[in-house]
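Participant: here is a sequence together with a model predicted from it:
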Amino acid sequence: MGAAFWFCFMASLISVIAVNHPTHNCHNYFTYFTPNGGATFIGVFTAHRNDLRTFYWEAKFTAHGVNVDQVDYLNPYPSNEECYANVRKGLAAQMYVNFFNITNELPMLTEFKLNGVMLCRNQKYHPPTTTTRVARRLTVDEIRRAWVYRKNS
């Protein structure tokens with residue numbers, strides 16, 4: 001039992017280490033993250049201001065190869081409820097994307113805009129490449145906060 005555990009542990013550790021996390025110039029607003037001990041890969045975006053209530057998130061990723069689909073939809077981070085609660089507390093909103101079909105390299109973030117403001121841009125890889133664009137609108141309304149406050153009082 002002990003040898004099998006250590007073998008599986010080392011294999012998963014090596015697989016995490018073997019995946020390249022591309023460099024980018026967006027460290028204040030984006031980070032690659034490996035939850036679940038490296039079983040999955042995500043990218044987490046953070047708003048540049050914490051006083052926003054309406055968001056239009058836009059990002060582009062580039063991957064080596066043609067027709068490489070590795071980027072899923074944008075979703076509130078860490079969950080819908082927690083994201084909305086954090087914004088209502090005055091914290092910066094966060095969104096994430098799941099990456100899938102990853103073999104040795106994560107897609108590189110090449111552009112990130114929030115509400116039309118370009119927060120960062122990176123050069124794309126040399127062809128052949130696949131560029132994926134993700135976008136999502138998110139609104140945290142104050143009316144719902146007042147309703148939740150009255151309900152919990």
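Facilitator: Thanks, I have it.

Participant: any low-confidence regions in the chain?
Facilitator: Confidence mapping of the chain against pLDDT under 70 gives the ranges 1-17, 142-153.

Participant: all the helices of it, in order from the start?
Facilitator: 2-18, 80-88, 142-152 (DSSP state H).

Participant: counting by contacts, list what the second one packs against.
Facilitator: When contacts are defined as 3 or more Cβ pairs under 8 Å, 6 or more residues apart in numbering; DSSP states H and E, helix 80-88 packs onto strand 71-76, strand 94-99. C-beta coordinates here come from the backbone N, C-alpha and C atoms, glycine included.

Participant: and the first one, what does it pack against?
Facilitator: Pointing back at strand 71-76 there. Using 3+ Cβ pairs under 8 Å, 6+ apart: strand 71-76 touches strand 54-64, helix 80-88, strand 94-99, strand 129-139.

Participant: and for the last one?
Facilitator: Applying 3+ Cβ pairs under 8 Å, 6+ apart, we find strand 94-99 packed against strand 41-46, strand 54-64, strand 71-76, helix 80-88, strand 129-139.

Participant: and the ones you listed, which is most packed in?
Facilitator: Most buried of those, by mean neighbour count (mean count of other Cβ atoms under 10 Å): strand 41-46, with a mean of 21.

Participant: what angle do that strand and strand 94-99 make?
Facilitator: Interaxial angle of strand 41-46 relative to strand 94-99 (axes from the mean of the first three to the mean of the last three Cα atoms, to 10 degrees): 160 degrees.

Participant: export strand 41-46 as PDB, just CAs?
Facilitator: Extracted in PDB, the C-alpha atoms of strand 41-46 (Å, rounded to 0.1, in the frame of the first residue of the first chain):
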ATOM      1  CA  PHE A  41      -5.800  23.700 -14.300                       C
ATOM      2  CA  ILE A  42      -7.500  27.100 -14.000                       C
ATOM      3  CA  GLY A  43      -6.800  30.700 -14.700                       C
ATOM      4  CA  VAL A  44      -8.100  33.300 -12.200                       C
ATOM      5  CA  PHE A  45      -8.800  36.900 -13.200                       C
ATOM      6  CA  THR A  46      -9.100  39.800 -10.700                       C
END
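
Participant: so for Pro22, which of the helices and strands packed on strand 94-99 sits nearest?
Facilitator: strand 54-64 (8.9 Å; Cβ to Cβ).

Participant: report all helices and strands that that closest one contacts.
Facilitator: Strand 54-64 sits against strand 41-46, strand 71-76, strand 94-99, strand 108-114, strand 129-139, with contacts defined as 3+ Cβ pairs under 8 Å, 6+ apart.
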